[in-house]
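Chemist: Fold the following.
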Amino acid sequence: MLASFPPVRLVWIFLLTLFYLSGGLAARAGWESLFAVIGASVAIDLGFQWGRYGRFRFPDGALAVAGFLMVLLDPTVVTLPLVAVVVSTHVLRQVLRSSGRPWFNPTALGLTVGFFVIGTQVPWAVGTTPQLELVMLVMGLLLVLRQRSSWRLPFYFFVSAMPLLLLAPLDLGGAPSLSWSAFLMANLSPLTIFFGLFMVPEPRTAPPSPRHMWIFAVLVGELYALLPLTFTTWTQLAPIGAITPFLALFAGNIFTVLLRAYTARQRKAQSSPGGAGLPPVRPQRMGGGSAPVSG
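Modeler: Predicted coordinates for the structure are as follows:
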């Protein structure tokens with residue numbers, strides 16, 4: 001059954017389901033905000049599709065972006081700031097791109113711009129009850145099963161982040177959290193589950209080859225665990241501590257952009273008249289992801 005759904009379609013179905021189950025409609029004054037965000041996201045995406053390709057395709061990516069924004073943004077944000085974040089998200093993902101792929105995770109970039117420019121907060125209020133957290137975990141695992149070629153992204157993220165999250169109290173002058181309950185609370189928190197299973201495996205801003213996926217995931221996982229410690233220690237940075245997961249993701253995105261530029265330069269050198277003696281560049285197998293939200 002999962003095979004009949006494109007991964008990105010599962011993403012927005014799961015996200016909107018999570019939004020509904022978490023009571024987001026009531027917190028945002030009914031359906032008005034939901035329709036405004038979805039309508040703006042779809043309209044902008046279709047406009048870019050027509051301008052770039054001269055045709056339309058089903059806006060799965062736009063619906064996924066809308067789902068991420070509705071789930072992650074402060075539930076008290078009113079319609080106009082929501083739509084402003086939607087516009088910035090889509091414009092930035094179309095402008096900041098190369099070889100048809102965005103430089104940065106579109107949702108993370110749009111929310112970061114909204115945080116600094118508009119003042120929209122990101123409370124990470126996902127999986128606020130044990131039941132919702134379980135539903136979110138099951139959904140995330142289903143996404144990994146649907147797109148098995150990119151399993152390395154969430155796997156190495158959790159493997160790299162878990163030990164650091166467990167030992168984080170040492171850096172704050174405390175004792176390490178060595179109990180199983182502390183381990184589960186640190187590594188299976190709603191924020192970690194959502195970020196690791198829904199945001200890290202975004203294929204268009206992650207390396208496509210398995211031999212580079214683990215570098216991306218380890219980099220993001222380590223920064224995800226360590227950056228909050230830095231922001232806790234430096235009190236002047238505390239106000240922007242909520243976006244540290246995005247900063248960790250951006251570091252991985254930059255690695256991907258540099259990797260693509262290096263690979264493109266190698267291929268160009270090989271195709272030049274004097275490049276016949278260069279070692280061949282191994283073709284990168286295009287691995288999909290569990291959350292392909294960029295078009």
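
Chemist: Just give me the residue closest to the centre of this protein.
Modeler: Met199 (2.7 Å; C-alpha atoms, centre = their mean).

Chemist: And it, how far from Asn253?
Modeler: Separation of Met199 from Asn253 (C-beta to C-beta, to the nearest Å) stands at 11 Å. Where you see a C-beta, it was placed from the backbone N, CA and C, and this is true even at glycine.

Chemist: Mutual contacts of these two, please.
Modeler: Asn105 (C-beta atoms under 8 Å, 6 or more residues apart in numbering).

Chemist: Please name every helix or strand in contact with the helix or strand encompassing Phe246.
Modeler: When elements are assigned from DSSP states H and E, Phe246 belongs to helix 244-271. If you count contacts as 3 or more C-beta pairs under 8 Å, 6 or more residues apart in numbering; DSSP states H and E, helix 244-271 packs onto strand 97-98, helix 106-113, helix 210-233.

Chemist: what's the angle from that helix to helix 210-233?
Modeler: 150 degrees (axes from the mean of the first three to the mean of the last three C-alpha atoms, to 10 degrees).

Chemist: Helix 244-271 vs helix 106-113, what angle?
Modeler: Using the same axes, to 10 degrees: helix 244-271 against helix 106-113 is 130 degrees.

Chemist: on that earlier part again, wait, what's in contact with the residue nearest to the centre of the chain?
Modeler: 68, 105, 107-108, 245, 249, 291.

Chemist: Same check on Ala248?
Modeler: Here Ala248 is in contact with 219-221, 223-224, 227 (C-beta under 8 Å, 6+ apart).

Chemist: What lies in contact with the helix or strand containing Val144?
Modeler: Val144 belongs to helix 130-146 when assigned by DSSP H and E. Contacts with helix 130-146, where a contact means C-beta under 8 Å, 6+ apart, come from 2-3, 5, 7, 10-11, 14, 17-18, 21-22, 126-127, 150-151, 154, 188, 190, 193-194, 196-198, 201, 290-291.

Chemist: and that helix, how far from the chain's centre?
Modeler: 16 Å (C-alpha atoms, centre = their mean, to the nearest Å).

Chemist: about what we covered before: what separates the helix holding Phe246 from the chain centre, distance-wise?
Modeler: The answer for helix 244-271 is 17 Å, by C-alpha atoms, centre = their mean.

Chemist: can you pull the buried residues of it?
Modeler: 244-253, 255-257, 259-260, 263 (16 or more other C-beta atoms under 10 Å).

Chemist: Ok, stretch 77-95 next?
Modeler: 77, 79, 81-86, 88-90, 92-94.

Chemist: do stretch 142-153 as well
Modeler: Across stretch 142-153, burial judged by 16+ other C-beta under 10 Å covers 143-144, 146-147, 150-153.

Chemist: per-residue pLDDT, Glu222?
Modeler: Predicted confidence (pLDDT) for Glu222: 93.

Chemist: Next: Thr232.
Modeler: 68.
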